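# just to be clear, the model below is a prediction. Sequence and coordinates:
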Amino acid sequence: MAEEEKGPVSRFLSAIASPFRRRTTPQPQMPLYTTGIQEPVLAQGITLPALYAVSQENLILRTVQSKLRQEIFRRGYHWEKKFRKKCIECDEEFHHDVEVCKSCGGEVRDPDPEQVIYAKWLLNETNAMEQTFMEVLGEIENDLNVVDDAFLLLIKEYYVDPENGDIAFYRVKDIVRGDPIFMRIIADKRGIRGGRYKICRIHRDQVAYPGQEPKCETCGARLVDAHYVNMAGSGKNQYFTKGEVVHISKYNPSKLYGRAPVNTMWRQAMSLTAMDNYIYTSYQKRRTPKGIISVTTDNLESMKSFWKSVDEKMERDPHYVPKVGIESSSGRGGVNWVKFMDTLEEMQYMAVRDEIRNRIAAFYGVSSIFMIDNGKSGGLNNEGLQILVTNRAVEFGQKVYTDNLFPRMLKEMDVTDWKLTLYPNEEEDEITRLRRDEMEVNLAQRMAMLGYKPELLEEGDRDIRFVYKKQEEQPQPPQGGAPGGGMPPGMPPGMPPGGGMPPGMPPGRGMPPQMQGGAPMPPSQPGGEGQGIRTPRSPARPQARSSPGAGSPMSSVQQRGPAPTISQQNSNAMLNSRRPRGQ
């Protein structure tokens, strides 16, 4: 892939600004930013490894994140054309067939199919860690759900010109995930990437600071700004330039880093962990006793010997009921029960656990039915609403990749005519798709009646889609008949070309009453009253008439309906043959 080229707008601005001096409005500086490596905000002093640890240890948190990740990438991805036609001059994109550009009148072209040959091959291969592209995306989604920062590293291979030492072109060799624990952003006080370190793309060990020589000491190549750094190296940092790292945030995107969702629900997650530990220790042998029996007596030795004999009898007979007698010379004494711990029902364990779980699931948009908890669904309507809520959360998560990550990744692969899209997590009902196709066909028929020519599109994933073009009006023949005074087509022999009566025929003979007296015949309609087929211009049904017919108290007009088919005629003949004549 070649270096980045300027678009038409950039070339236009460069052309008009070349003879002038330029000044821009100052961008606000943030007092918390210092030029160089920026550190993410650690709320409550909780480190990033601690956030990952609690996400892996907490059952509820891991279940919610796992279900959301599965729904987002459940059906995979597909390639789509970004446009149908594109202008070569002004880069205007059209989603239907056009001959020339409607904006500037320039020549248009189709999407280039050769752009995606290498990109498809790369995404179908595994990276150096034997990970597929979908597995890398799964790690990216997990980073977004934990710390709201994800780093996708595009490992590029640069091809150097041996004559002058410049980079002729490059290719994206591998796609891996960068660990947010060690990846950092390099920015200035305004939050703009770069501005601190400059590196050589060939010799990465050479780092230059502002004010130093802007060329590499080894090869003499021009140094470029470093935008990201990996601080996991053994004593040395790894610097990356613009285009080698794609950084995204999902929930709280900002100039630099996002805000970790797990940090927000840290106390809730730790409470659930403590509750799980409580249940774990409660069912162990070293658990705290439920309570003690306190006996007030003047003869302690007698009580010890009595309970010892009771323990021996209980070992031999579990159903033995001990009889207790308490001796007291002062007449005072008793047996008391001192409780050490409450039961789970008394502590409302399940209610508190469900409330915390619902708060965590509500943040991510995962309904209870996706966590196999349909005890409180309340019918099919409620289940449908729960699925709808999660589908919206999944759609929001997919847009992060379709609208942000994938376009930036494909730009580095020099793919501009195609786009990468994730399939929706819920497959559409086949009946719904057929109904939509039927409505599209009916609309195409109506548009054709209005004078537009429908053309079927190729895209749509089995959906029928049309684009419409205005048809040129055809010249109408003159009213007097066919051109040149000949016989109009379809005219019976013996009729004059002008459409009058044949010579010698008396007026009104052999004509219906409507035509007698010179009244014009109304145009024929498909179907019509004689066939019993309802048309927009046919009269209303006799049963629906509000007034009686002319010349009689009530109208007796009936419609016979369409002519019987051959199968109906055969069936009627068989029925008539079974009945005697006259019955």
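That came in fine, so what should we check first? Just so we're clear, the structure is a prediction, and the values are computed from it rather than from any experiment.
# part of a helix, is I186?
No - judged by DSSP: H, G, I helix; E, B strand; the rest coil, I186 forms no part of a helix; its state is strand.
# neighbours of it, how many?
21 (other CB atoms under 10 Å). For the C-beta atoms, the positions are set from N, CA and C on the backbone; glycine is no exception.
# what sits opposite it in the beta ladder?
Note on I186: beta-bridge partners by DSSP bridges are I37.
# wait, it touches I37, no?
Yes - using CB atoms under 8 Å, I186 is in contact with I37, at 5.7 Å.
# need the residues touching each of the two.
Counting by CB atoms under 8 Å, 6 or more residues apart in numbering, the shared contacts of I186 and I37 are 196, 229.
# quick one, strands of the stretch 151-300 of the chain?
167-178, 183-187, 198-199, 207-208, 224-230, 238-241, 245-248, 291-296 (DSSP state E, counting those that start in this stretch).
# can I get those in JSON lines with distance to R392 and mean pLDDT?
Converted to JSON lines, those look like this (distance: least, CB to CB, whole Å; pLDDT from 0 to 100):
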{"stretch": "strand 167-178", "distance to R392": "27", "mean pLDDT": "92"}
{"stretch": "strand 183-187", "distance to R392": "30", "mean pLDDT": "93"}
{"stretch": "strand 198-199", "distance to R392": "43", "mean pLDDT": "90"}
{"stretch": "strand 207-208", "distance to R392": "46", "mean pLDDT": "86"}
{"stretch": "strand 224-230", "distance to R392": "32", "mean pLDDT": "93"}
{"stretch": "strand 238-241", "distance to R392": "35", "mean pLDDT": "93"}
{"stretch": "strand 245-248", "distance to R392": "20", "mean pLDDT": "96"}
{"stretch": "strand 291-296", "distance to R392": "50", "mean pLDDT": "67"}
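# which one of these lies nearest to P49?
strand 183-187 (13.6 Å; CB to CB).
# outside of that closest one, which residues touch it?
Counting by CB under 8 Å, 6+ apart, residues outside strand 183-187 touching it are 33, 35-39, 149, 151, 193-197, 225-231, 239, 245, 247, 255-257.
# so how do I select the buried members of those residues in ChimeraX?
A single ChimeraX command is used to select the members of these judged buried by 16 or more other CB atoms under 10 Å:
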select :33,35,36,37,38,149,151,193,194,195,196,197,225,226,227,228,229,230,239,245,247,256,257
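# coming back round to it: JSON lines for the strands of the stretch 151-300 of the chain, including distance to V441?
Compiled in JSON lines, the strands of the stretch 151-300 of the chain are given as follows (distance: least, CB to CB, whole Å):
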{"stretch": "strand 167-178", "distance to V441": "42"}
{"stretch": "strand 183-187", "distance to V441": "52"}
{"stretch": "strand 198-199", "distance to V441": "59"}
{"stretch": "strand 207-208", "distance to V441": "64"}
{"stretch": "strand 224-230", "distance to V441": "52"}
{"stretch": "strand 238-241", "distance to V441": "52"}
{"stretch": "strand 245-248", "distance to V441": "41"}
{"stretch": "strand 291-296", "distance to V441": "77"}
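# out of the ones you listed, which comes closest to A448?
strand 245-248 (46.2 Å).
# packing partners of the closest one?
strand 150-160, strand 183-187, strand 224-230 (3 or more CB pairs under 8 Å, 6 or more residues apart in numbering; DSSP states H and E).
# surely K242 and G195 touch.
No - when contacts are counted by CB under 8 Å, K242 is not listed as touching G195 (12.0 Å).
# anything in contact with each of those two?
D225.
# grab the nearest non-local neighbour of the residue positioned nearest the centre of the chain.
In the chain, the centroid-proximal residue (CA atoms, centre = their mean) is E395; its distance is 3.2 Å. In space, and not counting its chain neighbours, E395 is closest to P424: 7.4 Å by CB to CB, 6 or more residues apart in numbering.
# out of the strands of the stretch 151-300 of the chain, which is closest to Y452?
Using CB to CB, those put strand 245-248 closest to Y452, at 43.1 Å.
# quick one on the thing from earlier: how close does the residue nearest to the centre of the chain get to K419?
Using CB to CB, to the nearest Å, E395 is found at 17 Å from K419.
# check F466 too.
22 Å.
# quick one on the thing from earlier: can you classify the residue nearest to the centre of the chain as helix, strand or coil?
helix.
# JSON lines for the helices and strands packed on strand 245-248, including distance to Y280?
Formatted as JSON lines, the helices and strands packed on strand 245-248 follow (distance: least, CB to CB, whole Å):
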{"stretch": "strand 150-160", "distance to Y280": "34"}
{"stretch": "strand 183-187", "distance to Y280": "36"}
{"stretch": "strand 224-230", "distance to Y280": "38"}
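# out of the ones you listed, the one nearest R435 is which?
By CB to CB (comparing all of those), the closest turns out to be strand 150-160, at 39.5 Å.
# mind listing what that closest one pairs with, with the direction of each?
strand 167-178 (antiparallel), strand 245-248 (antiparallel).
# which parts of this protein are helices?
Secondary structure of the chain by DSSP state H: the helices cover 8-17, 48-57, 59-72, 115-124, 133-147, 261-264, 266-282, 300-316, 349-364, 380-400, 406-412, 430-449, 566-578.
# how much space separates the residue nearest to T132 when sequence neighbours are not counted from L420?
Once flanking residues are discounted, T132 sits nearest to T126: 5.7 Å by CB to CB, 6+ apart. Applying CB to CB, the value for T126 to L420 is 18 Å.
# cool, and E315?
Relative to L420, and taking CB to CB, E315 is found at 72 Å.
# try V245
18 Å.
# and stretch 57-68, how far out from the chain middle?
21 Å (CA atoms, centre = their mean, to the nearest Å).
# that stretch: which residues count as buried?
Quick answer for stretch 57-68 (16+ other CB under 10 Å): 58, 60-61, 63-65, 67-68.
# circling back: relative to L456, which of the strands paired with strand 150-160 is closest?
strand 167-178 (36.1 Å).
# what angle separates the closest one from strand 224-230?
With axes from the mean of the first three to the mean of the last three CA atoms, to 10 degrees defining the directions, strand 167-178 sits at 20 degrees from strand 224-230.
# wait, N391 touches N425, no?
Yes - applying CB under 8 Å as the test, N391 and N425 come out as touching, 6.6 Å apart.
# hey, what's in contact with both of these two?
Joint contacts of N391 and N425 (CB under 8 Å, 6+ apart) do not exist.
# give me the number of residues near the residue lying closest to I202 once chain neighbours are set aside?
Leaving aside its sequence neighbours, I202 sits nearest to C219 (CB to CB, 6+ apart; 5.7 Å). Other residues lying near C219 total 15 when counted by other CB under 10 Å.
# next one: E71
The burial count for E71: 20, using other CB under 10 Å.
# that one contacts V394, doesn't it?
Yes - contact criterion CB under 8 Å: E71 and V394 qualify, at 4.7 Å.
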